[in-house]
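> please work out how this folds:
(one chain, ligands or ions: 2)
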Amino acid sequence: MHLGLGAFFRAHQAWYTAHADDAAEWGIAAFTGRSRALADTLTAQDGLYTLAELAPGADHVETVESVVAAHAGTDHEALLRYAADAAVTVMTTTVTEAGYVRGASGIDHEDSRVAADVATLRADPRAPVQTAPARIVAFLLARRAAGGGGLTIVPCDNLPSNGDVLRDVVEDLTSLVDPSLQAWADEHLSYVTTMVDRITPASTDDDVARARAAGFDDAAPVATEPFAEWVLAGEFRGPHPAWETAGATFTDDVVPYEERKLFLLNGAHSLLAYAGSARGHETVAEAFADPLVRSRVEAWWDEACRHLTLPAGDLAAYRVALTARFANTSIRHLLAQIAKDGTQKLPVRILPTLRRERTEGRMPDGAVAALAAWIASVRAGGPALDDPLAERLRPLVGMPADAGSRDLLALLDPALAQDAELVRAVVHAQVLVPR
Ligand SMILES: NC(=O)c1ccc[n+]([C@@H]2O[C@H](COP(=O)([O-])OP(=O)(O)OC[C@H]3O[C@@H](n4cnc5c(N)ncnc54)[C@H](O)[C@@H]3O)[C@@H](O)[C@H]2O)c1
Ligand SMILES: O=P(O)(O)OC[C@@H](O)[C@@H](O)[C@H](O)[C@H](O)CO
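Ligands and ions are numbered 1, 2, ... in the order given. The predicted structure is shown next:
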């Protein structure tokens, strides 16, 4: 089972499943968030699609066969049918950072969709719900009712400790809907934490044309990079595909890998997204080729590396690999796609390093540049407004740099706005972000 059928799932978890030694024994039933389009297109081609690994002079196209059913997220009856099926033992998720509807702890109790889902499930546990956590609770209620067995949930979104995050959200929602489910969950359910990595832009018409030129009539192709990494930690409550035979790593502690990837790759991505678009660039490769932006990325990498725990040689090798990955002009990764949902991404990508640097008495230029570029984007009404907190961001469009910076830093973390030296540095760095 997969929730969040999109480009990344098809380039990553579906690809690992297709390449596992026991691939013939597994098939994935995947659900979109809500829209029908991709589910219908994939159903019309029996779940098959082409995956193009792109690198200058070294493209590789293959057909991926691990998706055996594609459903719209609204097909709630199908979700409940899988819940009752004992052969379903694993559920992966890629519902975006915002899709977990996190509050300060557990689920966001202020979110009206959460309130509506709670009321719906209390009245009828089989009625359709809208948020991803509520779909999972509905799935678990149906599984318990059917006497279904063990299940492992494997979140694959770019969130630190994503297994714990999803557990907290689902358990909190469970307590609001039907607290008696928790005892069943304690016995039958586990959450695995993962670090996932493969740069996969949203699919475009160019990808369809490329597939056709390679001899594939595919209305839903995916383009990705050759690099792929998957590190998983946690206990499984049942069988899972032999992903390790396709290159995945099972470990006791995913945190060092997670931080390396979130800070060095995703943190740099956010910096590129806001600073690069302010400089008129459209893609990661274009922004990374700009010496001014590149210098900020290098500064950010130096700062972040000071707080990572993997051996220095490993970090140096990752930076070298990232340099080639960001410079891959065969991948058109749009900065506007990465710039979405900044209020959800910056706190996990940039703030941990910023706080540690400030505690040690330094003003980190790279982290400051990332925040300044995000703030400049909000104030200019730029791509940063594409955000679940847009209603709180919009009043700050056109605000002067000092007041706007304080308010936006406070929105990320009130303590940041109390750091007068940091606020000054962020205001100053915005002057340096050329339009
Ligand atoms: N694209 C990448 O390079 C990449 C790499 C590593 C991790 N990821 C993770 O995977 C996620 C999905 O990336 P993608 O490129 O497949 O995006 P996508 O837009 O192609 O697909 C996302 C899926 O999530 C669903 N979705 C979106 N918002 C939702 C919400 N609020 N609630 C429930 N479902 C929702 C969508 O309907 C869709 O099915 C990212 O947010 C990220 O956390 C992506
Ligand atoms: O997918 P998002 O929106 O969480 O973030 C955008 C990119 O930073 C991200 O997709 C990276 O490309 C990916 O995490 C690489 O593995």
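
> which ones are touching residue 212?
For residue 212, the contacting residues are residue 218, by C-beta atoms under 8 Å, 6 or more residues apart in numbering. Yep, even glycine has a C-beta here, placed from its N, CA and C like the rest.

> in three-state terms, label it for me.
Secondary structure state of residue 212, per DSSP: H, G, I helix; E, B strand; the rest coil, is helix.

> measure it to residue 360 for me?
54 Å (C-beta to C-beta, to the nearest Å).

> so where is the chain shaky, pLDDT-wise?
Residues of the chain that meet the criterion pLDDT under 70 lie in 432-435.

> quick check: residues of it near ligand 1?
4-9, 32-34, 94-99, 132, 157-158, 196, 198-200, 202 (C-beta under 6 Å from any ligand atom).

> quick one, which of those are buried?
Neighbour-count burial (16 or more other C-beta atoms under 10 Å) applied to the residues of the chain next to ligand 1 gives 4-9, 32-33, 94-99, 132, 157-158, 196, 198-200.

> which members of the residues of the chain next to ligand 1 additionally contact ligand 2?
97, 158, 198, 199.

> any chance of JSON lines for these, columns distance to residue 267 and secondary structure?
Listed next are these as JSON lines, based on distance: C-beta to C-beta, whole Å; DSSP: H, G, I helix; E, B strand; the rest coil:
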{"residue": "97", "distance to residue 267": "14", "secondary structure": "helix"}
{"residue": "158", "distance to residue 267": "11", "secondary structure": "coil"}
{"residue": "198", "distance to residue 267": "17", "secondary structure": "coil"}
{"residue": "199", "distance to residue 267": "14", "secondary structure": "coil"}
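
> and of those, the nearest to ligand 1?
Ranked by distance to ligand 1 (C-beta to the nearest ligand atom), these are led by residue 158 at 4.0 Å.

> helix, strand, or coil at the closest residue to that closest one other than its chain neighbours?
Closest residue to residue 158 apart from its sequence neighbours, by C-beta to C-beta, 6 or more residues apart in numbering: residue 266 at 5.6 Å. Per three-state DSSP, the local secondary structure of residue 266 is helix.

> count the neighbours of residue 266 for me.
As a burial measure, residue 266 scores 18 neighbours (other C-beta atoms under 10 Å).

> all helices for the stretch 301-435 of the chain, in order.
312-326, 335-339, 342-349, 351-359, 365-379, 390-393, 401-412, 414-417, 420-432 (DSSP state H, counting those that start in this stretch).

> most tightly surrounded among those helices?
Of all the helices of the stretch 301-435 of the chain, helix 365-379 has the most neighbours on average by mean count of other C-beta atoms under 10 Å, namely a mean of 27.

> can I get that helix as CSV, trimmed to CA atoms?
C-alpha atoms of helix 365-379 as CSV (Å, rounded to 0.1, in the frame of the first residue of the first chain):
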residue,chain,number,x,y,z
ASP,A,365,26.1,33.5,6.6
GLY,A,366,24.6,30.6,4.7
ALA,A,367,21.7,30.1,7.1
VAL,A,368,21.1,33.8,7.2
ALA,A,369,21.1,34.0,3.4
ALA,A,370,18.5,31.2,3.2
LEU,A,371,16.1,32.9,5.7
ALA,A,372,16.7,36.4,4.2
ALA,A,373,15.9,35.1,0.7
TRP,A,374,12.7,33.4,2.0
ILE,A,375,11.7,36.6,3.8
ALA,A,376,12.5,38.7,0.7
SER,A,377,10.3,36.3,-1.4
VAL,A,378,7.4,36.7,1.0
ARG,A,379,7.7,40.5,1.1
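
> how far out from the middle of the chain is it?
21 Å (C-alpha atoms, centre = their mean, to the nearest Å).

> same question for stretch 26-33.
With C-alpha atoms, centre = their mean as the basis, the mean position of stretch 26-33 lies at 17 Å from the chain mean.

> who's in contact with the nearest residue to residue 392 once chain neighbours are set aside?
Of all residues not flanking residue 392 in the chain, residue 411 sits nearest, at 6.4 Å (C-beta to C-beta, 6+ apart). Taking C-beta under 8 Å, 6+ apart, we find residue 411 in contact with 343, 389, 392, 393.

> okay, residue 411 and residue 356: tell me how far apart.
21 Å.

> and what of residue 125?
Taking C-beta to C-beta, one finds residue 125 at 44 Å from residue 356.

> repeat that for residue 262.
14 Å.

> residue of the stretch 151-300 of the chain nearest ligand 1, please.
residue 157 (3.4 Å).

> surely that residue touches residue 96?
Yes: under the criterion of C-beta atoms under 8 Å, residue 157 makes contact with residue 96 at 6.3 Å.

> residue 413: how many residues sit nearby?
Count around residue 413 with other C-beta under 10 Å applied: 15.

> what do you get for residue 292?
Residue 292: 14 neighbours (other C-beta under 10 Å).

> what does residue 24 give?
Using other C-beta under 10 Å: residue 24 sits among 8 other residues.

> any idea how far the residue nearest to residue 392 is from ligand 1?
Separation of residue 411 from ligand 1 (C-beta to the nearest ligand atom, to the nearest Å): 20 Å.

> again, but for residue 376
Counting by C-beta to the nearest ligand atom, the gap from residue 376 to ligand 1 is 24 Å.

> for residue 257, give its distance to residue 197.
9 Å.

> anything in contact with each of those two?
residue 229.

> out of those two, which sits in the more crowded spot?
Comparing residue 257 with residue 197 by other C-beta under 10 Å, the one with more neighbours is residue 257, at 24 against 21.

> which SS class is that one?
Applying three-state DSSP: residue 257 is helix.

> taking the stretch 151-300 of the chain, what residue is nearest to ligand 2?
Closest point on the stretch 151-300 of the chain to ligand 2, by C-beta to the nearest ligand atom, is residue 269, at 3.6 Å.

> surely that residue forms part of a helix?
Yes: counting by three-state DSSP, residue 269 falls inside a helix.

> so it sits right up against residue 287, yeah?
No: Residue 269 is beyond contact range of residue 287, at 9.7 Å (criterion: C-beta under 8 Å).

> give me the common contacts of those two.
What both residue 269 and residue 287 touch, as defined by C-beta under 8 Å, 6+ apart, is an empty set.

> how many residues are close by the residue nearest to residue 182 when sequence neighbours are not counted?
Counting by C-beta to C-beta, 6+ apart, residue 174 is the residue found nearest to residue 182 once chain neighbours are left out, at 5.6 Å. For residue 174, the neighbour count with other C-beta under 10 Å is 22.

> do the strand or helix carrying residue 174 and ligand 2 meet?
Element membership of residue 174 [criterion: DSSP states H and E] is helix 162-177. No: applying C-beta under 6 Å from any ligand atom, one finds helix 162-177 separated from ligand 2 by no less than 11.3 Å.
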